[in-house]
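Asks: The following comprises the amino acid sequence and a computationally predicted model.
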Amino acid sequence: MRTHTCGSLTLDHVGQQVRLGGWVHRSRDLGGLVFLDLRDRTGVVQLAFGPAWSDANTLTAAAAVGVESVIVIEGTVVARAEQQRNADMSTGDIDVQVTSVRVVGAASTPAFPVAPAKGDKLPSEELRLRHRYLDLRRADLQRNLMLRHKLTQATRRFLDSRGFLELETPILTKPTPEGARDYLVPSRVHPGEFYALPQSPQIYKQLFMCAGYDRYFQIARCFRDEDLRADRQPEFTQIDIEASFVGQEDILSTAEALIAELWRTAGVPAESPFPRMTYAHAMEHYGCDRPDLRYGLELHDVTPVFAASELSFVQAAIARGERVRGLRVPGGAALSRKQTDDLEIVAKGAGASGLIVVKRTETGLDGKVAKFLAADAADQLGLAVGELGLYVAAPDHVASPALDRVRQTVAQRLELIPSDVHAFVVVTDFPMFEKDPNTGALGAVHHPFTAPHPEDLALLDSAPERARALAYDIVYDGLELGGGSIRISDSALQARIFSLLGIDDVTAQARFGFLLEALRAGAPPHGGIAFGLDRITMLLAGATSLRDVIAFPKTTAARALFEGAPSPVPAADLLELSLAVASRSGGNA
RNA sequence: GGGGGCGUAGCUCAGUUUGGUUAGAGCACUCGACUGUCACUCGAGAGGUCGCGGGUUCGAGCCCCGUCGCUCCCGCCA
């Protein structure tokens, strides 16, 4: 039906008869002459209609056709006169002089403009989602989804070339009490029983390893019924990878090479391997497990300086075994009182009881607490003239997140984040467990199948909360791209970990029996990693919302506005599923 | 579950502070003019449940209460 696509035509095609199909992007009716911009996903080309080459019917049809209508045309590619060329269009050197036009899909006036009008903002998110077929016609979204395609294809090529098998896992799976809330699917044939949509293919990929499919990957859809954010959708896509007879380095080198390949696919330079950092180092020097290394502002311990001070609240904190940590801000002494007060608000918002602020000026140390510090405190703190010091006296679990927030806020306010520099880092040696602050119970930091670090096996008995795991994250500009671990392949060790997590044998059997059984049936050492494809695409597309890289996303209330999901179902359908809708206090529809 | 922002013509927005005649603009749309435009231009016209419900008032787009939708954040997301 078509001989060419709209965006492909150039001066090389001059003189050729072409047949094109596309959407009317804009129209300009000059009376005797009519110009239509014809758009497909490859680009836009200008169609020219004139009495010298178009018959009367063609001219009339061109003048009458509405924007966003689909037309199929025949015509001749001609070079434009020099002064008529449009340097802003890739096809701006040519016109197609149309000899016949057929309106194959007349469009009613669109609910919002697809062609960008200068100065016009995007329509509201609600409207864009309700008329998603229109929004998806916009060049921005087409570019994003085409990038997504390239990234998934690059992933497949890369992993296939390294011997990974793309295998599918069930969408109807078993509910899991751990982790996020499950999306549940009622079983018709088993009244009162439910499937769950997978939060990730975690257990299935381990079963593949036990079955000998030693290199697996999947572009896997995952589902989590939690509240949404700009970077969180209820269903999302992971690049899910697992391999056997591997250690942490094998997984990481493959994962880093894949990420570098994806970045190059998007035209962003990236070289693997990436710098490494332990979790302990990241927490000590950045206060978080996914540090943004595009700028400095590292944290350091200044407890000794404050131990010698006359600040009673700091003395008391140090006596409790707490530390004083903080950061030096070059040029920060220029910040106003209001600005440093704002930083304290940020620290308090993150849970700190306060923020110690000192400035080193030409005349010495400045700030509310300066007079309680030693005369040479500025030197001890390492503060140069013009620098600001920001400190928190608190237990690490309070100070770290507060200083992380302060560090990020300072970097943004002082515009210390270079726009042309990006920073990958691999964070390793995550702890096995975290303690519930209320109950003191241990929970898995990664997931309950994560192998402990071999050097820390003895700690499982004496101090499990200090045991490290063979777990790792890949971080980019302070954002987690993905993470994984080496798994436990020994059923006795797995049972041990379950018991530390407070999962008794009966419960473990009920929840994960099929995995434990497989581990006892001859399991190779194995491990893997998973990346958030949506987030990676968003970063590489320069988008600010996952909705701009997902074709049919949900709203923050987890609704699909175009097709109207979720929706009520007929009572008969509920009956067939042995379900009844309970009314909740306050009442709902 | 909690907090913030937004909701006025098909679209993007003024108007809401301080309630008062017939709610405006640009774009889009309809009609007319126009042979080199590319955000074409020019002229004319049509287009409104001011999200929805209730209240206060002589009078509500504007004030109050409730509610719905979209969005950002906290909680949550092994």
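Replies: Alright, I've got the coordinates.

Asks: List the buried residues in the top helix by length along chain A.
Replies: Criterion DSSP state H: the longest helix present in chain A is helix A:139-161. By neighbour count with 16 or more other C-beta atoms under 10 Å, helix A:139-161 contains the buried residues A:141, A:144-145, A:147-148, A:150-152, A:154-155, A:158-159. In this view, the C-beta of every residue, glycine as well, is placed from N, C-alpha and C.

Asks: cool, stretch A:190-207 as well?
Replies: Per 16+ other C-beta under 10 Å, stretch A:190-207 contains these buried residues: A:194-207.

Asks: Residue A:290 reaches residue A:480, doesn't it?
Replies: Yes. Counting by C-beta atoms under 8 Å, residue A:290 does reach residue A:480; the two are 5.0 Å apart.

Asks: out of those two, which sits in the more crowded spot?
Replies: residue A:290 (19 against 15; other C-beta atoms under 10 Å).

Asks: on that earlier part again, just the CA atoms of the longest helix of chain A, as PDB, please.
Replies: What follows is helix A:139-161, C-alpha atoms only, in PDB (Å, rounded to 0.1, in the frame of the first residue of the first chain):
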ATOM      1  CA  ALA A 139       6.400  12.500  19.000                       C
ATOM      2  CA  ASP A 140       7.600  12.400  22.600                       C
ATOM      3  CA  LEU A 141       5.800   9.200  23.500                       C
ATOM      4  CA  GLN A 142       6.500   7.600  20.100                       C
ATOM      5  CA  ARG A 143      10.200   8.300  20.700                       C
ATOM      6  CA  ASN A 144      10.000   6.900  24.200                       C
ATOM      7  CA  LEU A 145       8.300   3.700  23.200                       C
ATOM      8  CA  MET A 146      10.700   3.200  20.300                       C
ATOM      9  CA  LEU A 147      13.500   3.600  22.700                       C
ATOM     10  CA  ARG A 148      11.900   1.000  24.900                       C
ATOM     11  CA  HIS A 149      11.700  -1.400  22.000                       C
ATOM     12  CA  LYS A 150      15.400  -0.800  21.300                       C
ATOM     13  CA  LEU A 151      16.300  -1.500  24.900                       C
ATOM     14  CA  THR A 152      14.300  -4.700  25.100                       C
ATOM     15  CA  GLN A 153      15.800  -5.900  21.800                       C
ATOM     16  CA  ALA A 154      19.300  -5.000  22.900                       C
ATOM     17  CA  THR A 155      18.700  -6.900  26.100                       C
ATOM     18  CA  ARG A 156      17.600 -10.000  24.200                       C
ATOM     19  CA  ARG A 157      20.500  -9.800  21.800                       C
ATOM     20  CA  PHE A 158      23.000  -9.300  24.600                       C
ATOM     21  CA  LEU A 159      21.800 -12.100  26.800                       C
ATOM     22  CA  ASP A 160      21.100 -14.500  24.000                       C
ATOM     23  CA  SER A 161      24.700 -14.000  22.800                       C
END
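
Asks: Could you list every helix and strand in contact with the helix or strand following that helix?
Replies: Sequence order places strand A:165-166 as the next helix or strand after helix A:139-161, per DSSP states H and E. Counting contacts by 3 or more C-beta pairs under 8 Å, 6 or more residues apart in numbering; DSSP states H and E, strand A:165-166 packs against helix A:139-161, strand A:215-223.

Asks: Each with direction, which strands does strand A:165-166 pair with?
Replies: strand A:215-223 (parallel) (DSSP bridges).

Asks: The strand it pairs with versus helix A:139-161: what angle between them?
Replies: Going by axes from the mean of the first three to the mean of the last three C-alpha atoms, to 10 degrees, strand A:215-223 is angled at 150 degrees with respect to helix A:139-161.
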